[in-house]
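Asks: Okay, sequence plus prediction incoming.
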Amino acid sequence: MSVFNQPRKRVIQMIILGMVILIITRLFFLQIVEKKYAKLADANAVLRKVIYPSRGIIYDRQNRSILGNDVLYDLVVTPASVKSIDTGYLCNILKIDKDEFKKRIITAIVKNGRVRQSVFAPLLAPEVFGQLQESMYLFSPGFELVPRQIRSYPYAAAANILGYIAEISPAMLKDTANYSSYNSGDYLGFTGLEKTYEPVLMGQRGIQYLIKDNLNRPQGAYENGEFDSAAIAGKNLRLSLDIELQVLGEKLMKGKSGSIVAIDPQTGGILAMVSGPSFDPNLLTGPYRSANFSKLYTDTTKPLFNRAIQATYPPGSTFKPMIALVGLDEGVITPSFGYPCGGAYYGCSRPIKCEHHDAGHAANLRLALSHSCNSYFSHVYRLSVDAGKFGGIKVGGMQKWADYMNNFGFGHKIGVDIPSEGRGLVPDKKYYDARYKGSWNSCTSVFLGIGQGELLLTPLQMANAMCIVANRGSYYIPHFVSSIDNDNTHLLDKYKQKHEGAHISDSAYSAVIHGMTDVVESGTGRIAQIEGITIGGKTGTAENYGIVNGVRVKLKNHAMFVAFAPAEHARIAIAVVVENSGFGAKYAAPIASLMMEKYLKDSISTKRQPLLKSVMETVTIDPAMLAKSHLDSLNSNAIIKKKKP
């Protein structure tokens with residue numbers, strides 16, 4: 001060998017020697033110094049047990065627990081450890097046959113392999129758990145009872161707000177970008193606050209190592225728990241929600257389709273959000289969850305559909321305060337502006353009839369609001385969009401009007417902290433150009449002036465608009481969670497920021513607020529009066545159409561009412577929609593008034609108890625639809641779902 005190759009040979013030898021020394025040093029550390037892995041290698045004697053953390057608890061504004069944790073048990077299986085057991089007896093306890101037993105074993109192997117635990121029978125009913133607990137020695141090794149915390153709802157309310165948890169799906173497990181920290185069998189939030197705040201509610205799993213005897217029975221902690229890791233409980237949420245107000249709202253909406261949204265204008269905190277019909281959230285926890293969910297999902301009254309944020313409606317006359325604000329801000333009217341109306345609006349090619357014939361009912365803005373004059377607000381709308389300074393409706397007037405509406409929170413998601421919020425619809429120039437091929441004018445869209453036409457809003461948007469009016473232009477994004485215990489995140493920062501809506505003068509807001517107080521004091525909303533409290537409100541009756549056998553037909557009108565109180569310094573803003581029930585003052589206004597009285601005075605006065613009873617007993621849902629509903633039968637079994645093993 002050439003002498004010139006000697007240095008290269010030495011370098012290679014030194015590299016190999018270094019690697020050998022490194023490997024020997026690591027082996028020495030693992031086998032002599034570090035005892036952990038040697039001890040845990042005693043696989044036949046050590047049981048690795050996952051400890052699931054407590055999910056965070058949810059409290060209302062008065063620190064009352066409205067969502068907590070109970071304990072049920074899963075029966076888990078390690079397929080490789082299943083030897084000679086009494087299969088027939090186990091099947092008898094679980095009320096399954098041997099074919100189903102084999103199917104579940106195969107499913108467990110496919111999901112997690114032969115040597116890992118899989119859930120064989122989840123969330124055992126109390127009676128099944130009792131039988132298994134007495135007989136588990138017959139099914140060891142292979143099967144084990146593992147405690148699993150489930151959600152419990154002491155007030156049996158706020159189902160669509162709180163949401164529910166369920167086992168993670170195989171498809172979600174494949175999405176490592178979003179679910180890398182989850183394992184098969186884990187539960188997570190699927191809807192509501194459970195989903196939005198999953199990262200803080202979920203906590204962190206722990207591991208416990210236990211010594212087993214020759215019958216695979218745990219005998220105690222291994223090495224005094226030296227290698228255990230503690231489960232870390234999820235963080236608690238503190239809500240702006242008033243659970244007693246929420247419960248009252250759900251009772252008022254029993255037998256009715258629609259919603260109630262109540263917000264604190266000073267903070268944006270949601271005080272109540274009711275979607276009717278509602279259901280007991282305890283139905284979606286425990287061993288009967290899947291069966292109950294299937295019935296709720298197919299129920300004719302759609303209880304899983306959160307009408308407060310997902311349903312959209314033409315707002316009807318509840319929209320007139322916004323029309324007035326735009327007209328005042330653009331200078332096309334003043335508070336003293338009047339309009340003659342003899343039962344119809346004659347400003348377009350054909351008369352648009354209304355129900356008002358009394359002289360002077362629209363002599364000024366306050367009177368027009370209190371009497372809810374359609375002709376007055378149809379005309380104010382047209383004056384606004386046809387204003388010459390915008391070049392007319394097609395040049396800039398329609399888009400300017402749409403911009404006002406967007407600033408009021410319409411036509412887009414507001415950003416509430418539960419998922420599935422709807423956008424609604426505010427038609428603009430682009431919308432009308434596409435629909436009418438450029439052939440349209442202010443008479444084409446005149447019905448927007450009375451909250452009809454193509455306009456669609458969610459109840460949440462209506463309530464938020466009342467916050468803007470009550471605050472004279474400002475608002476906070478509506479939200480449920482006020483604080484998170486031991487929070488070091490910035491999840492809630494955006495809900496603490498004050499936003500300015502449409503930049504409209506205080507004098508314009510004052511004029512509209514005076515008109516809205518007249519609505520309740522002397523106008524169409526007198527039934528909403530509360531002794532000692534000044535209320536600003538607006539009734540609404542929204543025309544409702546549907547497609548029946550391919551034909552557009554007129555259905556019963558939706559009743560609506562929006563309000564805020566006290567008018568001088570509002571502590572509550574509210575929107576109520578009662579579907580297919582007629583005039584807004586008949587059902588929506590009383591519901592809003594009772595909710596406001598409960599919140600502001602903490603109780604309903606004795607003299608209003610007959611009204612409370614009447615509203616609670618009134619049913620407006622089509623009897624044929626109610627006859628097909630599962631809600632009553634489901635709710636009668638709710639107490640069974642709450643029992644602990």
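Replies: Thanks, I have it.
Asks: CA atoms for contacts and neighbours, from now on please.
Replies: Noted.
Asks: Flag the shaky bits of this protein, pLDDT-wise.
Replies: 1-6, 30-45, 212-218, 356-357, 359, 545-554, 584, 635-645 (pLDDT under 70).
Asks: any idea which helix is longest in it?
Replies: Assignment by DSSP state H gives helix 6-28 as the longest helix of the chain.
Asks: what's the spacing between it and its chain's center?
Replies: 63 Å (C-alpha atoms, centre = their mean, to the nearest Å).
Asks: ok, which stretches of the stretch 251-400 of the chain are helices?
Replies: Along the stretch 251-400 of the chain, the segments classed as helices by DSSP state H, counting those that start in this stretch run 289-298, 307-310, 320-330, 365-371, 374-385, 398-407.
Asks: Any chance of CSV for these, columns mean neighbour count and distance to Val577?
Replies: Formatted as CSV, the helices of the stretch 251-400 of the chain follow (neighbours: other C-alpha atoms under 10 Å; distance: least, C-alpha to C-alpha, whole Å):
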stretch, mean neighbour count, distance to Val577
helix 289-298, 15, 22
helix 307-310, 24, 9
helix 320-330, 23, 16
helix 365-371, 26, 19
helix 374-385, 26, 20
helix 398-407, 19, 20
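Asks: can you put those in TSV and add distance to Phe120?
Replies: TSV is the format used below for the helices of the stretch 251-400 of the chain (distance: least, C-alpha to C-alpha, whole Å):
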stretch	distance to Phe120
helix 289-298	16
helix 307-310	37
helix 320-330	58
helix 365-371	64
helix 374-385	64
helix 398-407	52
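Asks: closest to Ala221 out of those helices?
Replies: Closest approach to Ala221 among the helices of the stretch 251-400 of the chain is made by helix 289-298 (34.3 Å; C-alpha to C-alpha).
Asks: what helices or strands is that closest one leaning on?
Replies: Counting contacts by 3 or more C-alpha pairs under 8 Å, 6 or more residues apart in numbering; DSSP states H and E, helix 289-298 packs against no other helix or strand.
Asks: how far does it sit from the chain's center?
Replies: Chain-centre distance of helix 289-298: 18 Å, with C-alpha atoms, centre = their mean.
Asks: residues in contact with it?
Replies: 283-284, 302-304, 630-631, 634 (C-alpha atoms under 8 Å, 6 or more residues apart in numbering).
Asks: What subset of those is buried?
Replies: 283-284, 302-304, 630-631 (16 or more other C-alpha atoms under 10 Å).
Asks: With respect to Ala108, which of those is nearest?
Replies: Nearest to Ala108 out of those is Leu284 (C-alpha to C-alpha; 24.3 Å).
Asks: hang on, that closest one packs against Leu162?
Replies: No. Look at Leu284 against Leu162 with C-alpha atoms under 8 Å: they stay out of range, at 11.3 Å.
Asks: how close does the residue nearest to Ile533 when sequence neighbours are not counted get to Gly540?
Replies: For Ile533, ignoring the flanking residues on the chain, the nearest one in space by C-alpha to C-alpha, 6 or more residues apart in numbering is Pro566 at 5.9 Å. According to C-alpha to C-alpha, to the nearest Å, Pro566 stands 20 Å off from Gly540.
Asks: mind checking how far Ile323 is from Arg307?
Replies: 25 Å.
Asks: ok, now Asn486?
Replies: 33 Å.
Asks: burial count for the residue nearest to Ile533?
Replies: Around Pro566 sit 19 other residues, with neighbours defined as other C-alpha atoms under 10 Å.
Asks: With the one 3 residues further on instead?
Replies: His569 has 13 neighbours, counted by other C-alpha under 10 Å.
Asks: Check which helices and strands the helix or strand containing Cys467 is in contact with.
Replies: Remark: Cys467 resides in helix 459-470, with elements defined by DSSP states H and E. The contact analysis (3+ C-alpha pairs under 8 Å, 6+ apart) places helix 459-470 against strand 258-263, helix 307-310, strand 474-475, helix 506-521, strand 551-565, strand 572-578.
Asks: Out of those, the one nearest Ser384 is which?
Replies: Here helix 506-521 is closest among these (C-alpha to C-alpha), at 14.6 Å.
Asks: From the contact counts, what lies against that closest one?
Replies: helix 320-330, helix 365-371, helix 459-470, strand 536-548.
Asks: which one of those lies closest to Phe139?
Replies: The minimum distance between Phe139 and the helices and strands packed on helix 506-521 falls on helix 459-470, with 53.9 Å, by C-alpha to C-alpha.
Asks: A helix includes Leu248, no?
Replies: Yes. Using DSSP: H, G, I helix; E, B strand; the rest coil, the secondary structure at Leu248 is a helix.
Asks: ok, it to Leu612 distance?
Replies: Counting by C-alpha to C-alpha, the gap from Leu248 to Leu612 is 10 Å.
Asks: immediately after whichever helix or strand Thr107 is part of, which helix or strand?
Replies: Using DSSP H and E, Thr107 falls within helix 98-112. Sequence order places strand 118-121 as the next helix or strand after helix 98-112, per DSSP H and E.
Asks: in that next one, what counts as buried?
Replies: 118-120.
Asks: From those, pick the one nearest Asn406.
Replies: The closest of the buried residues of strand 118-121, once distances to Asn406 are taken by C-alpha to C-alpha, is Val119, at 49.6 Å.
Asks: residues contacting the closest one?
Replies: Contacts of Val119 by C-alpha under 8 Å, 6+ apart are 74-77, 108, 185.
Asks: 10 Å - rerun?
Replies: 74-78, 104-105, 107-108, 112, 143-146, 184-185 (C-alpha atoms under 10 Å, 6 or more residues apart in numbering).
Asks: which of these count as buried?
Replies: 74-78, 104-105, 108, 112, 143-146, 184-185.
Asks: Can you flag which of the residues you listed belong to helices?
Replies: 104-105, 108, 112.
Asks: Farthest-apart pair in these, please.
Replies: Between all members of these, the farthest pair (by C-alpha to C-alpha) comes out as Arg104 and Asn112, at 12.0 Å.
Asks: intersection of neighbour lists for these two?
Replies: Common neighbours of Arg104 and Asn112 (C-alpha under 10 Å, 6+ apart) are 79, 118-119.
Asks: How about the secondary structure of Ile150?
Replies: strand.
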